[in-house]
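Build the 3D model from these lines:
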Amino acid sequence: MTLSKTKVATATEKLFVLVAVCCAAAAMPLTFTGPAVALPAIGRTLGGSPIALNWVTNAFMLTFGSCLMAAGALADSFGRRRIFLTGVGCFALFSAGLAFAGNIVWFDILRALQGLGAAAAFSGGMASLAQEFDGTARMRAFSIVGSSFGVGLAFGPIASGLMIDAFGWPSIFLLVVILALFALGLGARFLRESRDPDAAGLDWPGALSFTLALTLFTYGVLRAPETGWSDPIVIILLAGAALLLLAFGIIERSVKRPMLDLTLFRYPRFVGVQLLAAAPAYAFVVLLILLPVRFVGIEGMSEIAAGRMMIALSAPLLILPIAAGLLTRWFSAAAICGAGLVISAVGLFWLSHFAAGSASSALIGPLLTIGAGISLPWGLMDGLAVSVVPKERAGMATGIFSTTRVAGEGVALAVVSAVLSAFIQSNLGTSAGEHAATTAQRLVTGDLSAAAANAPAIGQAALIHGYSDAFSALLWLLTAITAITAIVVFSSLGRGSSSDTSEAANQVPDDDEALTESEA
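You can find the predicted model right below:
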């Protein structure tokens, strides 16, 4: 028994628990869509190098992604309610502190701390939902949480744009604080405490090695475009990340109760779920960061206009994740997820044909296509993730899946930013002189005026053209990766699935039954 209280929750109490988790879930996408829209304004106010400005997003994504597994283990050991409330409280506190940051260094530090709170809130909340709901109700609850993310993604950019225009960029964190405090109040009142009676505490060596590996890798990838991939420090950082990742694998194989059970990767459907978790990172999430920077910094749109454009990309997440759950009555999860990724790939390829400065109306079609495609697997991913382990290990399952998703987003953003910078630098050629790398980095962060000052021999029109061609090349690359992922996900998730797809979405399939037995 995992609930510390024997009282059975009423339907109303379960509803309020779901609302609490949904409020926290809706606040989290606001923390990276909002700063993306505000990045040019933040740079003008706080200053900072291109690397420091990249950390505005990456600091949050790094700590959020790298700490989810640890937070899931802590939730199983010390109580899901306790971890959720602690995380939401810290998330609200550090979000409020960001509005008063005096320089870019403190801003980045607070973003990292904000990610820690978000990791605890998300892991504790999702693991709690897995205890409160069963079967079809659990799938429906996770679909609603996915739609809550969609609300934050869809309205975050436009809400941030309106608030920046009216009150300045610090105001974008006000809505985040309000949602977090609402989640805190409801959670404190209605959430029941639960834990895994067999939990053995946190795997500290595993948690530290994994977090440090991601940190070194992210810093190395962000530094490389400015100093070069042959820079000794970059080489040391990437080599250190590889060694720490190897050490993490050794640690997880040797400890009695690992944070990440590596034996799970023997099962094709589990691997397919993890790959599915990473797919939105490069098919969708990176655009949530790169497109506002392009619209505001390169094309000169207002923050409000950029926010309106981003609604086309994110609005499908308001409806289609729930629709995907209904489609499992007639189609397998593998078919729905694979088809969604193919649709996203089509949208990415379509978007690549529009240069910077194209009419806004022309971009709505490809943006809607990308958002619609990614919404189909989005509605099934969380439910699939918790279906592959016993209920008592829900914290671990949520932690592994969410780590793959969010850490994948952080890694993808760092890598994609570096690739875009390299493409821009290649397009500028020798005409940018010795400052080509810095000029490219400034363009990636949307600072067109600083890029022009670094390369006075190149006019702004030529800089925009070089950026535009590089962005199109990047979209071609993302199209290919997304299409390949669709094939692999369809193949992996389709293995061993039941012909009754709606039942398969809620039950552990044959491979996973063996998994459960081996873990027991």
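
For the rest of this, base every contact and every neighbour count on C-alpha atoms.
Noted.

Residue 106: neighbour count?
Other residues within reach of residue 106 by the criterion other CA atoms under 10 Å amount to 15.

element containing it, please.
In the assignment (DSSP states H and E), residue 106 maps to helix 104-132.

What is that helix packed up against?
Helix 104-132 sits against helix 11-46, helix 50-78, helix 80-98, helix 135-167, helix 394-428, with contacts defined as 3 or more CA pairs under 8 Å, 6 or more residues apart in numbering; DSSP states H and E.

okay, these, which one's buried deepest?
Stretch with highest mean neighbour count among the helices and strands packed on helix 104-132: helix 50-78 (a mean of 26; mean count of other CA atoms under 10 Å).

The residue nearest the centre of the chain and residue 51, how far apart?
Computing the C-alpha centroid of the chain and ranking residues by CA atoms, centre = their mean puts residue 406 first, at 3.9 Å. Counting by CA to CA, to the nearest Å, the separation of residue 406 from residue 51 is 20 Å.

Next one: residue 367 from residue 374, what distance?
Taken as CA to CA, the span from residue 367 to residue 374 is 11 Å.

what about stretch 231-238, distance to the chain center?
Centre-to-centre, stretch 231-238 and its host chain are 26 Å apart (CA atoms, centre = their mean, to the nearest Å).

list the buried ones in it?
In terms of neighbour count (16 or more other CA atoms under 10 Å), stretch 231-238 has its buried residues at 234, 235, 237, 238.

For the first one, pull up the helix or strand it's in.
Counting by DSSP H and E, the secondary-structure element that holds residue 234 is helix 232-254.

Now do that helix, average pLDDT.
Averaging pLDDT along helix 232-254 yields 88.

same deal with stretch 425-440?
76.

That stretch: end-to-end distance?
End-to-end distance of stretch 425-440 (CA to CA): 6 Å.

still on that earlier bit, can you list the helices and strands that the helix or strand following the helix holding residue 234 packs against?
Following helix 232-254 in sequence order, the next helix or strand is helix 268-280 (DSSP H and E). Counting contacts by 3+ CA pairs under 8 Å, 6+ apart, helix 268-280 packs against helix 360-386, helix 394-428, helix 460-493.

again, only this time at 6 Å
Under the contact definition 3 or more CA pairs under 6 Å, 6 or more residues apart in numbering; DSSP states H and E, helix 268-280 sits against helix 394-428, helix 460-493.

can you redo the ones you listed as CSV with distance to residue 138?
CSV is the format used below for those (distance: least, CA to CA, whole Å):
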stretch, distance to residue 138
helix 394-428, 12
helix 460-493, 20
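
Among those, which comes closest to residue 24?
Ranking those by proximity to residue 24 (CA to CA) places helix 394-428 first, at 14.8 Å.

Which neighbouring elements make contact with the closest one?
Where contact means 3+ CA pairs under 6 Å, 6+ apart, helix 394-428 is packed against helix 50-78, helix 268-280, helix 436-444, helix 460-493.

okay if I get these as a markdown table plus distance to residue 27?
As requested, the helices and strands packed on helix 394-428 are exported to a markdown table (distance: least, CA to CA, whole Å):
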| stretch | distance to residue 27 |
| --- | --- |
| helix 50-78 | 13 |
| helix 268-280 | 19 |
| helix 436-444 | 26 |
| helix 460-493 | 27 |
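
Nearest to residue 292, out of these?
Across those, closest to residue 292 is helix 436-444 (CA to CA), at 11.2 Å.

Show residues contacting the closest one.
With CA atoms under 6 Å, 6 or more residues apart in numbering as the test, helix 436-444 has contacts from 226, 421, 424, 425, 451, 454.

And for stretch 26-36?
By CA under 6 Å, 6+ apart, stretch 26-36 touches 148, 149, 152, 153, 156, 157, 160, 176, 179, 289.

would you list the residues you listed in CSV and tack on distance to residue 254 and pLDDT?
Below are these laid out as CSV (distance: CA to CA, whole Å; pLDDT from 0 to 100):
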residue, distance to residue 254, pLDDT
148, 39, 77
149, 37, 72
152, 40, 76
153, 40, 71
156, 43, 78
157, 45, 80
160, 47, 83
176, 40, 89
179, 41, 90
289, 39, 85
